[in-house]
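> Just a sequence and a predicted model for now, questions to come.
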2 protein chains.
Amino acid sequence: MSADQVKIDRVFHALGDATRRTILEKLSQGPISVSRLAEPFDLTLAAVVQHLQVLEDSGLVETEKIGRVRTCRIEPKGLSVAEQWIRDRRTIWERRLDRLGDLLAEEDER
Amino acid sequence: MSADQVKIDRVFHALGDATRRTILEKLSQGPISVSRLAEPFDLTLAAVVQHLQVLEDSGLVETEKIGRVRTCRIEPKGLSVAEQWIRDRRTIWERRLDRLGDLLAEEDER
């Protein structure tokens, strides 16, 4: 598997979980410490940290430890790999549908 | 979890696997029978069928059995739920960055 494929795998895997998407929504409001991020979740801190690890590995989130506090923030660039993949597919699929339309129109003309 | 959330979970989960993404690329070229689709893969037919099931559950692929042959084809609409989710997030994140830019500019003026 190419490095790009591994990257895409990780992003889609990270996004395929409702708790991780909720974490991303929260981080949309600005950087926050891990412990404050974890507060509203009905999860152990360890579980939240594990979700954050998946998000960090996928490039969607960055964390930084200053003193004793680990702060996390969104990394908007992380989404672009997934966005690009979807956009490319859609272009290919739509082109195919257009071609199909052309063929049917040609059929009609005959 | 809302019905939409379940849908998004399924689409991202389906996309988070390189073999399933390769199946989608193949189906981009047009509808094909399950057995012909499976040929180039170094997988058992059962494994390919399992991947197809995940893709079908996510709404990205449709299959239809005519006589003894099951044919599968891409369902472009299936991508739109993932596309919409990503687009919404990007809009929110960019708006936040813009606001941050405005704040910094105001700081500079003072």
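Great, that's in hand. Since this is a predicted model, take the numbers as computed values, not measurements.

> Around chain B, which positions in chain A sit nearby?
Taking CB under 8 Å from any CB of the partner chain as the test, the list of chain A residues beside chain B reads A:1, A:5, A:8-13, A:15-18, A:21, A:24-25, A:28-30, A:74, A:76, A:79, A:82-83, A:85-87, A:89-90, A:92-94, A:96-97. Where you see a C-beta, it was placed from the backbone N, CA and C, and this is true even at glycine.

> and if we set it to 7 Å?
A:1, A:5, A:9, A:12-13, A:15-18, A:24, A:28, A:74, A:76, A:79, A:82-83, A:86, A:89-90, A:92-93, A:96 (CB under 7 Å from any CB of the partner chain).

> Please indicate which of the residues you listed are buried?
Among those, those buried by neighbour count (16 or more other CB atoms under 10 Å in any protein chain shown) are A:9, A:12-13, A:15-17, A:24, A:74, A:76, A:79, A:82-83, A:86, A:89, A:92-93, A:96.

> Check the offset of stretch A:18-29 from the chain's centre.
Taking CA atoms, centre = their mean, to the nearest Å, one finds the center of stretch A:18-29 at 11 Å from the center of the full chain.

> Restricting the selection to alpha carbons, write it to CSV.
What follows is the C-alpha trace of stretch A:18-29 in CSV, where atoms were taken according to Å, rounded to 0.1, in the frame of the first residue of the first chain:
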residue,chain,number,x,y,z
ALA,A,18,-19.4,9.2,15.8
THR,A,19,-17.4,10.0,19.0
ARG,A,20,-14.4,11.0,16.9
ARG,A,21,-16.5,13.2,14.7
THR,A,22,-18.0,14.8,17.8
ILE,A,23,-14.5,15.5,19.1
LEU,A,24,-13.7,17.2,15.8
GLU,A,25,-16.9,19.4,16.1
LYS,A,26,-15.8,20.4,19.6
LEU,A,27,-12.3,21.3,18.4
SER,A,28,-13.9,23.4,15.6
GLN,A,29,-14.6,25.9,18.4
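
> ok so, going back, now, which of the residues of chain A next to chain B lie within helices?
Among the residues of chain A next to chain B, the subset assigned to helices under DSSP state H consists of A:5, A:9, A:12-13, A:15, A:18, A:24, A:28, A:79, A:82-83, A:86, A:89-90, A:92-93, A:96.

> which SSE is residue A:99 in?
Following DSSP states H and E, the helix or strand that holds residue A:99 is helix A:77-109.

> burial of residue A:71, as a residue count?
Residues contacting residue A:71 under the criterion other CB atoms under 10 Å in any protein chain shown number 15.

> can I assume it sits in a strand?
Yes. Counting by DSSP: H, G, I helix; E, B strand; the rest coil, one finds residue A:71 located in a strand.

> Could you measure from it over to residue A:56?
Distance of residue A:71 to residue A:56, given as CB to CB, to the nearest Å: 12 Å.

> Now do the phi/psi pair for the spatially closest residue to residue A:35 that is not a sequence neighbour.
In space, not counting the residues next to it along the chain, residue A:35 is nearest to residue A:45; the distance is 6.9 Å by CB to CB, 6 or more residues apart in numbering or on different chains. For residue A:45, the backbone dihedrals are phi -60, psi -40 (criterion: degrees, to the nearest 10).
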